[in-house]
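1. I need the structure of the sequence given here:
(chains A and B)
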Amino acid sequence: GESVGLHLPTLSVQEGDNSIINCAYSNSASDYFIWYKQESGKGPQFIIDIRSNMDKRQGQRVTVLLNKTVKHLSLQIAATQPGDSAVYFCAENGYGGATNKLIFGTGTLLAVQP
Amino acid sequence: DTEVTQTPKHLVMGMTNKKSLKCEQHMGHRAMYWYKQKAKKPPELMFVYSYEKLSINESVPSRFSPECPNSSLLNLHLHALQPEDSALYLCASSQGGGREQFFGPGTRLTVL
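-> So this is what the prediction gives:
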């Protein structure tokens, strides 16, 4: 992803609305993708993952969609709550699982308005 | 136990000091990682240990020295750091390649 300097891309939503956070990944050989949530002052927290043999996976209030044709990943959060406010990072395993290396996207700040 | 712990939470050090960051996990994970994260940026990989052996060094300056004493512990020894090394240092662990990495809360390092 392209750096945006000191300012993270920001998505502002109203409490109760659905949120969609997008991510473009870089390596067509990637076969594993993860979404992390990072709250201020904390380490990244695993949300959901998906392998490249799937195009959709659902968790509790979250859904990840994978479009390998255009190398695009999205995270949908249903009924967004103030506690969802955080920076969200997508990550890909870049080398098709041959190494333990994850490549992180630049991140999106989700701001939930009460 | 599904937690990665890191100590200390905060560290302030001078450029001539020697200090160490510690990380511990008891999930039986065989891969452990050090990342550096600057404000408003994604984590940047520094080192990967797999089965207690260093498998990836992302061209990190030698003033950062990792150590894996056993499968549960990971240290990062710091010496002669620069102010630009100030950042959040994150430890993570995983069962192996192609699996989710679990992160600790990080150590907030300030170099004066």
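
2. please enumerate the strands of chain B.
-> Taking DSSP state E to define them, one finds strands in chain B at B:4-7, B:10-13, B:18-25, B:31-37, B:44-50, B:53-57, B:64-70, B:73-79, B:87-94, B:102-103, B:107-111.

3. switch these over to JSON lines; also include mean neighbour count.
-> For the C-beta atoms, the positions are set from N, CA and C on the backbone; glycine is no exception. Output for these, formatted as JSON lines (neighbours: other Cβ atoms under 10 Å in any protein chain shown):
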{"stretch": "strand B:4-7", "mean neighbour count": "18"}
{"stretch": "strand B:10-13", "mean neighbour count": "14"}
{"stretch": "strand B:18-25", "mean neighbour count": "19"}
{"stretch": "strand B:31-37", "mean neighbour count": "24"}
{"stretch": "strand B:44-50", "mean neighbour count": "20"}
{"stretch": "strand B:53-57", "mean neighbour count": "13"}
{"stretch": "strand B:64-70", "mean neighbour count": "15"}
{"stretch": "strand B:73-79", "mean neighbour count": "18"}
{"stretch": "strand B:87-94", "mean neighbour count": "24"}
{"stretch": "strand B:102-103", "mean neighbour count": "22"}
{"stretch": "strand B:107-111", "mean neighbour count": "18"}
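
4. got TSV for those strands, with mean pLDDT too?
-> Shown next, in TSV, are the strands of chain B (pLDDT from 0 to 100):
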stretch	mean pLDDT
strand B:4-7	98
strand B:10-13	96
strand B:18-25	97
strand B:31-37	96
strand B:44-50	94
strand B:53-57	93
strand B:64-70	97
strand B:73-79	97
strand B:87-94	97
strand B:102-103	96
strand B:107-111	97
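
5. can you tell which of those is closest to residue A:79?
-> Residue A:79 sits nearest to strand B:102-103 of all the strands of chain B, at 26.0 Å, using Cβ to Cβ.

6. each with direction, which strands does that closest one pair with?
-> strand B:87-94 (antiparallel) (DSSP bridges).

7. quick one: contacts of the partner strand?
-> A:43-44, A:100, B:4, B:6, B:21, B:23, B:25, B:27, B:29, B:31-38, B:43, B:74, B:76, B:100-104, B:106-109 (Cβ atoms under 8 Å, 6 or more residues apart in numbering or on different chains).

8. thank you, goodbye.
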